[in-house]
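J.: Kindly return the folded structure for what I paste below:
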Amino acid sequence: GPALSFIAVQRSRVAATRLAADLSYAQRLAMNSRRRTWASFDVSNNRYNLYAENLSNPGKANRVALAAALSSDTAAVQFGSGDYSGATLSSVSINSTSELEFNNLGVPADGNSSALTVDATITLSNGVVVTVHRVSGFVEQAG
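T.: Got it, this is the predicted structure:
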C-alpha cells in the first residue's frame, strides 16, 4: 500500500543522502589534499567504494581505499541491507563508465580521467537520483 511505498522511497532517499555526502566529501578532500579521489560503483553488487591517490606512489593504479565521510570504515558502502535496506543502485552513468574521479581542483571526470561531457547520474530505486554536475562537480539529490 501507500505506506510501504513511502517507506521504500524514504530508504532510497537515505541511501542517496549518504552517497551525496560521500561524493561531496571526496571532492573536498581532493581539493584540500591536492590528490585525486574516486568513487567506484558496482551496480551488480549494489555497492560503491571510495579511493584516494597515494601521494608517495601517485597514479590510479596505486590508489588506496578512502574512509567514508561518516565513518572511519574503508569498506564498500553496501546498499540493500541495514540502514539502506530496500535501496538499490539501479544505474550509473558517468560518461559510460562506472567511476567518478575528482582532480585536485575538484573537477569531476570519468573512469578514464576524461572530462565529463554530460552530468554524471547515479540512479537508485524508487526514482531517486544523485547528479554530479559536469564542470563544478556540484552534487545534487532529487526524487
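
J.: what about the helices in the protein?
T.: With DSSP state H as the criterion, the chain has helices at 2-33.

J.: Going along the chain, name the strands of it.
T.: Here the chain has its strands, by DSSP state E, at 37-42, 47-52, 64-65, 77-78, 89-93, 99-102, 108-109, 120-124, 128-132, 139-142.

J.: How about the contacts made by the closest residue to A21 other than its chain neighbours?
T.: Excluding the flanking residues, the one nearest A21 by CB to CB, 6 or more residues apart in numbering is A69, at 5.2 Å. For the C-beta atoms, the positions are set from N, CA and C on the backbone; glycine is no exception. Going by CB atoms under 8 Å, 6 or more residues apart in numbering, A69 touches A21, D22, S24, Y25.

J.: and with 6 Å instead?
T.: Under the criterion of CB atoms under 6 Å, 6 or more residues apart in numbering, the neighbours of A69 are A21, D22, Y25.

J.: what does T131 give?
T.: By CB under 6 Å, 6+ apart, T131 lies in contact with D119, T121, E140.

J.: Would you mind checking these for buried ones?
T.: The neighbour count (16 or more other CB atoms under 10 Å) marks D119 as buried among the contacts of T131.

J.: now the contacts of T131 in JSON lines, with pLDDT and distance to N46?
T.: Below are these laid out as JSON lines (pLDDT from 0 to 100; distance: CB to CB, whole Å):
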{"residue": "D119", "pLDDT": "98", "distance to N46": "23"}
{"residue": "T121", "pLDDT": "98", "distance to N46": "17"}
{"residue": "E140", "pLDDT": "97", "distance to N46": "22"}
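
J.: Would you mind checking which of the contacts of T131 is nearest to A87?
T.: A87 lies nearest to T121 out of the contacts of T131, by CB to CB, at 16.0 Å.

J.: For this structure, give me the ranges with low pLDDT.
T.: 1, 4 (pLDDT under 70).

J.: Sounds good, over and out.
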